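Novice: Fold the stuff below for me.
(chains A and B)
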Amino acid sequence: MSTHPAVIESNAASWTLPSRGKVGMVSLIIAESAIFTIFIAAYIFYIGKSISGPSPHEILRIPIMTTICLLSSSLTMHWAVTALEKGQTSVFISFWLLTFALGAIFIGGTAREWHHLIVDQGFTIQTNLFGTTYYSLVGLHASHVTAGLIALFIVGAFGLAGKLKREHSERCEVIAMYWHFVDAVWVVVFTVVYIIGR
Amino acid sequence: MATHALPLSAEKTALGTIYEWIGTADHKKIGLMYIVYSLLFLVIMGIEAILMRIQLAHANSTFLSPQVFNRLFTMHGTTGVFFVAMPILFGFGNYLVPLMIGARDMAFPRLNAFSFWMTAFGGFLLYASFFAGVGLSQAGIAPDVGWFAYAPLTSPVFSPGHNTDYWTLSLLLAGVGSIAGAANMIATVLCLRCPGMTLSRMPLLAWMNLVMGGLILVTISPLTAAQLMLMVDRYIGGHFFDVAAGGSVVMWIHFFWIFGHPEVYVLIIPCFGFVSEIVPVFSRKAMFGYPAMVAASVGIGFVSLGVWAHHMFTVGMPSYGNAFFVLTTMVVAVPTGIKIFNWLATMWGGKIRFATPMMFCIGFLFQFLIAGLSGIMLATAPFDWQLANSYFVVAHFHYVIVGGILFSIFAAFYYWFPKMAGRTLDETLGQWHFWMFLIGFHLTFDFMHIPGVLGMPRRIYTYEAGRGWETWNLISSIGVVFQVAGILIFVFNMIRSYAKGVPAGNDPWDAWTLEWATTSPPPDYNLARIPEVLSRRPLWDIKHPEDPDWRYE
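Specialist: Residues are numbered from 1 along each chain as shown, chains lettered A, B, ... in the order given. The predicted structure follows:
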């Protein structure tokens, strides 16, 4: 004679699962981290192995200002999303646009740095091994920042048109995750290229 | 009464049907497209293999030129990994996982369509290389650099045409599709399970797809990175793999195998899932040791990331480097062995029904084991120094891929075709397929180990007489005839059964997972009501309310 209950207590009401946007973005971040890891491994392995041409010490200037801009853009991004979660749309849009501006300054600064290296000093991706690895790694990162800026621009356009409300905060949070990832990668790239490699 | 224009995809015209399939984001249609796509490329890949085996059947053969032979083995390998195995596993995963977890579709349906079309276009781009040479000095410039495209053979100096670029670009496309597909699968499994289906109640096929997805994220990306580096070298004068500028070709080899080894685990892990679904149903016993199966698979996934240089024992790494990879490669055999024992334990004491899906699974068990043993032999570095780049290696990996992966895929076809097409495959033809293919497989690949041990290198377009290799090569080539016969029977079976087969009903095998709870084929919405699941065999619980599994789990 069974003493088990006829029906197991239903879990349906309390069944919560992670958000698919966040899981998808985490997956993308893992994959991109693997790509960056390979480029960073190549960069580190090739430090000091150029046969000719300028070395990092001779030619690189530490991009302090652009780094500060990019890293603080993570902070402004965080404030933007937190504001939207509370429904403060005007605070959100201000910080969101500030994030975009700081990211754009980073890209602009990188462009200026590269213009100086390529046009003024003739240092290109073909020059030597250091040139190849430097432009590839920093360029890969810059392309990811650019992709992020495009996403920020689109969301910013929606925000300026007044379309974004509290219920959209989770999607903005997914974009924020990507932006924080791009920042974290810059911390690693900066350390490897401008500190260790020099 | 007002008449409304139907959307083009809903019209039953030819154009409407085409539009419906091209524009679909439904996981079942996308899954079927992946599977059909893979079968087409399987045939093409088989033709490439047939040509090579004709060439190798006799010594000093002039059937094919060395240049053509090089293109054939490159295309055969590249097609097989990226445009047959990956798509067919994605196809089954896409079709089955949402059904099994009680969801209505994948987490990102449009991304799913994107993944399929990226993969499809990658394959078309690769094969465009055969035709793109017309009009230039060389007619037909398919890649001929081997499926692993070692530097410096791929440098602009040594591969001046565009064949390497077709290889690089088509795989970049396919790789993006795969990474997106993996993210999609992970999000689906983690976020869309029906109420009550905790991860420990999920079907093993869903678990395997989750592990496969995670592995793809960290496996395909290194290949993408290496290919970007190769493009920098080839197009804009970079020096990543340029020895004259201080670059290293060994770096390409490392990066490629950091991708290449986990990739083969990406291919086998879903096959473990097929076997884990089919063997219990045809043994009439629940899977033995479910937690150990999950833990072993996750363990295999992790360990497989640390074994890559067993492909590089002859490259010249220092002895401690070689030793490390010898040990990790042997370690990965332990969780794999656990799984094999669990499948055997599932069968032990069960009431085994030797239908075609089960026959292919039993073939898998034997052959995957033997393939693993030859793998362990190759894992011992000094032995590998004799056998690297010989036909022993070719025999080993075809044993895994054909004897393991393909056999389990055939099992999956016979098991799930009734669900997808609504009609069962003919059992007599299935048995003929099995036995013909089994004989052909063993003729070709058992005896292929011997010329390897006798010193026959791989990727040679012919060989001289008197080395003792001729008889074995001839036997290998004869085996192809039986394999072709098996495949032809299989294709005929599918076409005939699709048209005139016995209607399958919801649950022709008396199985226990949720895909069998709906019609064959399932409606667009999968299940009428999302169920609440209380055990690992929800359909058993529904069919046997007096003896449900949740009392025992």
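Novice: Please make it C-alpha for all contacts and neighbour counts, starting now.
Specialist: Fine.
Novice: Give the full set of residues in contact with the residue of chain A found nearest chain B.
Specialist: Chain B sits closest to A:Ala31 of chain A, with a gap of 4.6 Å, by Cα to the nearest Cα. Contact analysis of A:Ala31 by Cα atoms under 8 Å, 6 or more residues apart in numbering or on different chains lists B:179, B:217-218, B:221.
Novice: got it, and A:Gly21?
Specialist: Applying Cα under 8 Å, 6+ apart to A:Gly21 gives the contacts A:171, A:174, B:187.
Novice: How many residues are close by B:Phe341?
Specialist: B:Phe341: 15 surrounding residues under other Cα atoms under 10 Å in any protein chain shown.
Novice: Tell me the secondary structure at it.
Specialist: Put simply, B:Phe341 is helix when judged by DSSP: H, G, I helix; E, B strand; the rest coil.
Novice: and the lengthiest helix in chain A, which residues are buried?
Specialist: For chain A, the helix with the greatest residue count under DSSP state H is helix A:129-160. Residues of helix A:129-160 classed as buried by neighbour count (16 or more other Cα atoms under 10 Å in any protein chain shown): A:129-138, A:140-142, A:144-146, A:148-149, A:151-153, A:155-156, A:159.
Novice: Stretch B:429-439 now?
Specialist: Using 16+ other Cα under 10 Å as the test for burial, stretch B:429-439 gives B:429-439.
Novice: CSV please, covering these and showing secondary structure, pLDDT and distance to B:Thr24.
Specialist: Below are the buried residues of stretch B:429-439 laid out as CSV (DSSP: H, G, I helix; E, B strand; the rest coil; pLDDT from 0 to 100; distance: Cα to Cα, whole Å):
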residue, secondary structure, pLDDT, distance to B:Thr24
B:Leu429, helix, 97, 33
B:Gly430, helix, 97, 32
B:Gln431, helix, 98, 35
B:Trp432, helix, 98, 36
B:His433, helix, 98, 33
B:Phe434, helix, 98, 34
B:Trp435, helix, 98, 38
B:Met436, helix, 98, 37
B:Phe437, helix, 98, 35
B:Leu438, helix, 98, 37
B:Ile439, helix, 98, 40
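Novice: which residues sit against stretch B:176-183?
Specialist: A:23-24, A:27-28, A:31, B:90, B:111-112, B:114-119, B:212-214, B:216-217, B:220-221.
Novice: oh, I was asking about stretch B:409-423
Specialist: Contacts for stretch B:409-423 (Cα under 8 Å, 6+ apart): B:271, B:274-275, B:278, B:356-361, B:424-425, B:430, B:497-498, B:500-506, B:508, B:515-516, B:519-522.
Novice: Ranking helices and strands of the chain by mean pLDDT, which lands last?
Specialist: Assuming you mean chain A. Of the helices and strands making up chain A, the lowest-confidence element is helix A:56-59, at a mean of 92, by mean pLDDT, DSSP states H and E.
Novice: and that one, what does it pack onto?
Specialist: If you count contacts as 3 or more Cα pairs under 8 Å, 6 or more residues apart in numbering or on different chains; DSSP states H and E, helix A:56-59 packs onto no helix or strand.
Novice: buried stuff in that helix?
Specialist: For helix A:56-59, a neighbour-count test (16+ other Cα under 10 Å) marks A:Pro56 as buried.
Novice: Equivalent analysis for stretch B:252-260, please.
Specialist: Buried, per 16+ other Cα under 10 Å, within stretch B:252-260: B:252-260.
Novice: closest to chain A among these?
Specialist: Comparing the buried residues of stretch B:252-260 against chain A with Cα to the nearest Cα picks out B:Phe255 as the nearest, at 7.6 Å.
Novice: Give the next helix or strand downstream of the helix or strand hosting that closest one.
Specialist: Following DSSP states H and E, one finds B:Phe255 within helix B:249-283. Toward the C-terminus, helix B:249-283 is succeeded by helix B:290-303 as the next helix or strand (DSSP H and E).
Novice: before we move on, back to that, ok, and the most crowded of the contacts of A:Gly21?
Specialist: Greatest neighbour count in those, by other Cα under 10 Å, goes to B:Ala187: 26 neighbours.
Novice: Can you check what pLDDT the model gives that residue?
Specialist: In this model, B:Ala187 is scored at 98, pLDDT.
Novice: Just list the residues touching it, thanks.
Specialist: If you count contacts by Cα under 8 Å, 6+ apart, then B:Ala187 has A:20-21, A:23-24, B:107 around it.
Novice: go again using 7 Å as the cut-off
Specialist: Contact partners of B:Ala187, counting by Cα atoms under 7 Å, 6 or more residues apart in numbering or on different chains, are A:20, A:23-24, B:107.
Novice: Now do the strands in chain A.
Specialist: Using DSSP state E, the strands of chain A do not appear at all; there are none.
Novice: Which residues of it lie near chain B?
Specialist: Selection of chain A residues close to chain B by Cα under 7 Å from any Cα of the partner chain yields A:11-12, A:15, A:17-20, A:23-24, A:27-28, A:30-31, A:34-35, A:38-39, A:49-51, A:125-126, A:128-129, A:132.
Novice: Buried residues in stretch A:188-198, which are they?
Specialist: The neighbour-count check on stretch A:188-198 (16+ other Cα under 10 Å) flags A:189-190, A:192-194, A:197-198 as buried.
Novice: Having no further points to raise, I will conclude here.
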